[in-house]
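# curious how this folds, go ahead:
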Amino acid sequence: MGLNKKNIIFLFLASFFISTALIFFVDQKESTLKLNEIILTKTIYSELPGWQNAEIYTAKKAFKASCKSMQKKDSSDIINFFDVLIDINAYKSFCIKIDKTNNSRELKNLIESSFYLVKIEDTKKKALFTGYIELELKGRLEPSFSEAPNAVPIYKKPNNLITVDLGLFKEELKNKKIKGFIEGDKFVPAATRGKIEKQDLFKDNILAYIDDPARAYFLHIQGSGIIELPSGKNISVGYDGDNGQDYFSIGRSLIKDGIIPKEKISMQSITKWMQENEEEAIALRHKNKRFIFFKDRKKDGPVGSSGLIVTPMHSAAVDKSVLPYHLPLWANVKDFYTEGDSQSYANLIIAQDTGSAIKGATRIDLFLGKGEAAEMIAGKLNSRGSLWAFIPKQ
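Predicted structure coming up:
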């Protein structure tokens, strides 16, 4: 359909008002945009909790990883943060200068001159922070009934698993995907967790065996792990896809059924319950229809869905439909448990990963690294807090 004079005038006015709104948001010292249930409020660094005292220099590694991706982008590429356009050239300019920083103060000075701050608030709830880790487990490449009678396999992704992008067929289904297999002339959904495990469907795709079924289940939740073999050698495995089925939280179920009190729910308490209640645990795990496939990971660390190796304490999984990859964020977490004590935690994180359970602008999953300390924090972290975004100055 051609554009007549009336349409051209309408498009010009719409463009003008949108541009004016964005310019106002960027140029004013403090201003607010409300987008449905999300409020974006421009603020200043002196009002950022923990900014003055936080040691952020360890975030440089995560920044440099994102900078490599941003440097590859064309200046004409579009990256949106809600209705705010991310200036790629401004981000690149920051990346050129970051190598010259040698400590937290210098990095903060560069950030303050390169980014302005926007607080992200959901009118219905405060930001929610959880944590994920690179899980350490014991396992083997061949089954051994004498040494690990309860061991369960983890699987490589089947070659014939097909992902269909429904947005290619209907615009209203954009970002919706389904997964399944071709059987005859039909496309059928991939099997559920229960069916895969009960019928041993992918026995030709076994990657390794995990000695403890409860720990193996949490490998599915965490998405990456290091498996210590009987020989003392380790293999690293990472997420390589899933069956596309719905995720079910067994933690919420245990709370609802009164099995574990809400205040005591953690990865550790759930693991202990599953180890002590094997049959009930199997039935409960099967309620989570989602099943994860793994690959032998050759890189030095877990790889986020952005394609980058994630950095402990400074990489985060976000809802990529609202928060773009490589967007720097400031997290202020109310209850952050370290060595059994609860304290607040504030530091810089970067959006470099995503997850099926991560939904909404203020839902953040922090990558905490590996080891006992990280596992203890991740096991308990389910805390409210506040969230800010760093937007490149145009």
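# rest of the way, CA atoms for contacts and neighbours
Will do.
# might you list the low-confidence residue ranges for this protein?
Within the chain, the stretches with pLDDT under 70 are 1-30, 33, 337-342.
# which stretches of it form helices?
5-27, 60-71, 88-98, 104-114, 193-199, 213-222, 250-256, 267-276, 278-287, 372-380 (DSSP state H).
# closest one to D77 among those helices?
Minimum separation from D77 across the helices of the chain (Cα to Cα) falls at helix 88-98, 7.7 Å.
# can I get the helices of the chain in CSV with distance to P143 and mean neighbour count?
Below are the helices of the chain laid out as CSV (distance: least, Cα to Cα, whole Å; neighbours: other Cα atoms under 10 Å):
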stretch, distance to P143, mean neighbour count
helix 5-27, 60, 13
helix 60-71, 38, 18
helix 88-98, 49, 17
helix 104-114, 49, 16
helix 193-199, 16, 15
helix 213-222, 13, 20
helix 250-256, 27, 15
helix 267-276, 19, 17
helix 278-287, 19, 15
helix 372-380, 26, 20
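# among those, which comes closest to V164?
Nearest to V164, of all the helices of the chain, is helix 193-199, at 20.1 Å by Cα to Cα.
# so what does that closest one touch, helix or strand wise?
Where contact means 3 or more Cα pairs under 8 Å, 6 or more residues apart in numbering; DSSP states H and E, helix 193-199 is packed against helix 278-287.
# tabulate the helices of the chain (a markdown table), appending distance to D240.
A markdown table is the format used below for the helices of the chain (distance: least, Cα to Cα, whole Å):
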| stretch | distance to D240 |
| --- | --- |
| helix 5-27 | 39 |
| helix 60-71 | 21 |
| helix 88-98 | 30 |
| helix 104-114 | 35 |
| helix 193-199 | 16 |
| helix 213-222 | 11 |
| helix 250-256 | 22 |
| helix 267-276 | 23 |
| helix 278-287 | 20 |
| helix 372-380 | 22 |
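# out of those helices, nearest to F129?
Short answer: helix 372-380, nearest of those by Cα to Cα, at 10.1 Å.
# relative to helix 213-222, how tilted is the closest one?
Orientation note: helix 372-380 sits at an angle of 80 degrees relative to helix 213-222 (axes from the mean of the first three to the mean of the last three Cα atoms, to 10 degrees).
# got the CA positions of helix 372-380 in CSV?
C-alpha atoms of helix 372-380 as CSV (Å, rounded to 0.1, in the frame of the first residue of the first chain):
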residue,chain,number,x,y,z
GLU,A,372,31.1,-24.9,48.1
ALA,A,373,30.7,-21.2,48.9
ALA,A,374,28.9,-20.4,45.6
GLU,A,375,26.7,-23.5,46.0
MET,A,376,25.7,-22.4,49.5
ILE,A,377,24.8,-18.9,48.3
ALA,A,378,22.9,-20.1,45.3
GLY,A,379,21.0,-22.7,47.4
LYS,A,380,19.5,-20.0,49.6
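# so that helix versus helix 267-276, what angle?
Angle of helix 372-380 versus helix 267-276, following the same axes, to 10 degrees, is 80 degrees.
# run the chain-centre distance for helix 372-380.
Distance of helix 372-380 from its chain centroid, counting by Cα atoms, centre = their mean, to the nearest Å, is 17 Å.
# picking that back up, for Q52, find the nearest of the helices of the chain.
Smallest distance to Q52 across those (Cα to Cα): 8.9 Å, for helix 104-114.
# now do the closest one: which elements does it pack against?
Secondary-structure packing of helix 104-114 (3+ Cα pairs under 8 Å, 6+ apart): helix 88-98.
# mind listing what the residue most central in space within the chain touches?
Centroid-nearest residue in the chain: A317, 1.8 Å away (criterion: Cα atoms, centre = their mean). Neighbouring residues of A317 by Cα atoms under 8 Å, 6 or more residues apart in numbering: 304, 351-355, 358, 364-367.
# tell me the most packed of those residues, by neighbour count.
Q352 (29 neighbours; other Cα atoms under 10 Å).
# dump the residue contacts of that one.
With Cα under 8 Å, 6+ apart, Q352 has these contacts: 66, 304-308, 310, 315-318, 325-326.
# just Q275 next, same as before
214, 281.
# could you shift the numbering so residue one becomes 34, and keep it that way?
Sure, I'll start numbering at 34, so the last one becomes Q308.
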